[in-house]
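In: can't give you the sequence, but here's the structure:
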């Protein structure tokens, strides 16, 4: 009986490994990326070319800027995903970020205690987290104020809980965009961007 159970367990494990290997091989062939953060729904995303005409609402992936105190805090705290041998060659081996374009050059962005406002409209779930660890650690972010997105840059956002966005590290150079992304049908989990609770 024990021998049968061991064989069944072995075959089940072999099937799981084979399925996972097949999915990852398909992902590589189809230019999919696996998102495991709660910035966006967890799952696979199809990578595409850099948008020819960037517009608000575009979903893009890009190398995060690193020359910023808030980003340095996130890096030293190991809040971000790393890819030491990845193919993107982002600074300090960071994995690319996946975000929505919230504002373009010339647009006004206001950071308030209730959230981020672009041209009079508050972005969903955009309240800045100011501290963690029960208030013991202050999270660096841009001051509560109004900003104009500079030329050659864009402001990013993401709908998930604890999303790390431009409200913390500021606008991002458009030249850092690596491409566009869209969710792979049936291979993303709707609502998973809210799994990590903020309170």
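Out: Received it, and whenever you're ready, just let me know what you need. Because the structure is predicted, anything quoted here is derived from the model rather than measured.
In: Is the residue nearest the centre of the chain in a helix, a strand, or coil?
Out: Nearest to the mean C-alpha position of the chain, counting by Cα atoms, centre = their mean, stands residue 98 at 3.8 Å. What DSSP: H, G, I helix; E, B strand; the rest coil gives for residue 98 is strand.
In: ok, and the closest non-adjacent residue to residue 117?
Out: Counting by Cβ to Cβ, 6 or more residues apart in numbering, residue 110 is the residue found nearest to residue 117 once chain neighbours are left out, at 4.3 Å. Using the backbone N, CA and C atoms, a C-beta is placed for each residue, glycine as well.
In: on that earlier part again, what residues are bridge-paired with the residue nearest to the centre of the chain?
Out: Assessed by DSSP bridges, residue 98 has beta-bridge partners residue 61.
In: what pLDDT, on average, does the strand or helix carrying the residue nearest to residue 117 get?
Out: Using DSSP states H and E, residue 110 sits in strand 108-112. The average pLDDT for strand 108-112 rounds to 98.
In: buried sites along that strand?
Out: When neighbours are counted by 16 or more other Cβ atoms under 10 Å, the buried residues of strand 108-112 are found to be 109, 111.
In: now do stretch 133-153
Out: By neighbour count on 16+ other Cβ under 10 Å, the buried set for stretch 133-153 is 139, 141, 142, 147, 149, 153.
In: Was I right to think residue 47 contacts residue 59?
Out: No: at 10.7 Å, residue 47 does not count as touching residue 59 under the criterion of Cβ atoms under 8 Å.
In: Quick check: neighbours shared by the two?
Out: Between them, residue 47 and residue 59 share these contacting residues under Cβ atoms under 8 Å, 6 or more residues apart in numbering: 180, 181.
In: Any idea which helix or strand in this protein has the lowest mean pLDDT?
Out: Within the chain, no helix or strand scores below helix 2-29, which has a mean of 47 by mean pLDDT, DSSP states H and E.
In: so after that one, what's the next helix or strand?
Out: Next helix or strand after helix 2-29 toward the C-terminus (DSSP H and E): strand 32-35.
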